[in-house]
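K.L.:
Sequence and predicted model, in that order:
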Amino acid sequence: MARSRQGLRGLRVAVTGGAQGIGRSIAERLVAEGALVVIGDVQKDLADRTAEALGCTALALDVTDGVEFEGFLDQAGAALGGLDVLVNNAGIMPIGPFLEEDDRTTTRCVEIDLLGVLTGTKLAGRRFREQGHGHVVNVASALGTFASPNAATYCATKYAVVGLGEALRQEWHGSGVQVSTICPGFVRTELIAGMRPPAGTERLLMIDPEQVAASVVGALARGRSRTVSVPSHLVPSVKVFTLVPE
Ligand code: NAD
């Protein structure tokens, strides 16, 4: 069921990776819309400060730990009187040539960016199926829809998250449970602070995390499963770029 902007008031939302960056902006916008928000993050101290500033609740969460994730959803539900939305936003982005990437980094990226999203989607999806409604919003990336050199592992995880959303959109059709996938281009956050597009790609623009937050609010207001692009290019058809570590 679609919710009007007014209808986001009282919506009970958990946001992973909400201490900073896009997750913080999503939480901030949702609080402004009147939603009730819990953020979860491995950076608990920063999450506490963010929550205090935004007027929401912070909990410790490592999305790679399924037991902890289940406990996070329990605590978020207890704090908010139930849960309507999970935003799987937490992520990392290793940059550099794939063959030089150490195995620990590859594994960590898959654990956080893919397995963490699968775990959260499954745990929240079961709760939402039980209550007959709910919305899982997964923050993927433009690099889940087209590829870049120097980001192979990240692309692999984000393509998988887009595939997850497309599959569940069909599997959950008619169940009352929605899944939306947000695919932002370059966003000004800590995540890409140490990277730059190479010379000659000046057509690439950065967007602000608030624009991603607006697309999440739009997806929740529509209340229908969808994959949403939030492009950062001047020319939307520009599909290839190269990330370079500084
Ligand atoms: P960020 O580094 O600013 O914030 C990520 C947050 O996730 C941090 O607060 C971090 O502590 C948290 N986190 C990391 N590992 C975690 C874990 N195991 N458990 C719980 N929390 C954890 O990054 P961001 O730019 O805000 O990125 C947020 C999401 O948006 C990521 O999924 C990222 O892939 C995606 N994204 C970012 C961009 C961009 O250009 N910044 C573009 C497209 C998609």
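P.N.:
Happy to help now that I have it.
K.L.:
Could I get the full set of helices for the chain?
P.N.:
For the chain, the helices defined by DSSP state H occupy 21-32, 44-54, 66-80, 103-109, 116-131, 152-171, 209-222.
K.L.:
okay, these in CSV with distance to the ligand and mean pLDDT next?
P.N.:
(Each C-beta comes from the backbone N, C-alpha and C, glycine too.) Shown next, in CSV, are the helices of the chain (distance: least, C-beta to the nearest ligand atom, whole Å; pLDDT from 0 to 100):
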stretch, distance to the ligand, mean pLDDT
helix 21-32, 2, 98
helix 44-54, 7, 98
helix 66-80, 9, 98
helix 103-109, 8, 98
helix 116-131, 6, 98
helix 152-171, 7, 96
helix 209-222, 6, 95
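K.L.:
if you compare the ones you listed, which one is most tucked away?
P.N.:
Burial of the helices of the chain is given as mean neighbour count (mean count of other C-beta atoms under 10 Å); helix 21-32 ranks first at a mean of 24.
K.L.:
picking that back up, of the helices of the chain, which is nearest I192?
P.N.:
The closest of the helices of the chain to I192 is helix 21-32. By C-beta to C-beta, the value is 9.6 Å.
K.L.:
So which residues make contact with that closest one?
P.N.:
8, 11, 13, 15-18, 37, 39, 41, 50, 54-56, 87, 89-90, 139, 184, 187, 189-191, 208-210, 212-214, 216-217 (C-beta atoms under 8 Å, 6 or more residues apart in numbering).
K.L.:
Spell out whether the lengthiest strand in the chain and the ligand are in contact.
P.N.:
For the chain, the longest strand by residue count, based on DSSP state E, is strand 177-184. Yes: using C-beta under 6 Å from any ligand atom, we find that strand 177-184 touches the ligand at P184.
K.L.:
That strand: partners in the sheet, and parallel or antiparallel?
P.N.:
strand 134-139 (parallel), strand 226-230 (parallel) (DSSP bridges).
K.L.:
winner for burial among these?
P.N.:
Mean neighbour count (mean count of other C-beta under 10 Å) peaks for strand 134-139 among those, with a mean of 26.
K.L.:
can you redo the helices of the chain as CSV with distance to Q178?
P.N.:
What follows is the helices of the chain, written out as CSV (distance: least, C-beta to C-beta, whole Å):
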stretch, distance to Q178
helix 21-32, 16
helix 44-54, 24
helix 66-80, 17
helix 103-109, 27
helix 116-131, 9
helix 152-171, 8
helix 209-222, 8
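K.L.:
and the gap between the nearest residue to K158 once chain neighbours are set aside and L54?
P.N.:
Nearest residue to K158 in three dimensions, chain neighbours excluded: G144, at 3.2 Å (C-beta to C-beta, 6 or more residues apart in numbering). According to C-beta to C-beta, to the nearest Å, G144 stands 27 Å off from L54.
K.L.:
and if you look at V85?
P.N.:
Counting by C-beta to C-beta, the separation of V85 from L54 is 16 Å.
K.L.:
Looking at strand pairing, list the partners for V139.
P.N.:
I182.
K.L.:
ok, H135 - contacts?
P.N.:
D84, V85, L86, F128, V177, Q178, V179, S180, A219, L220, G223.
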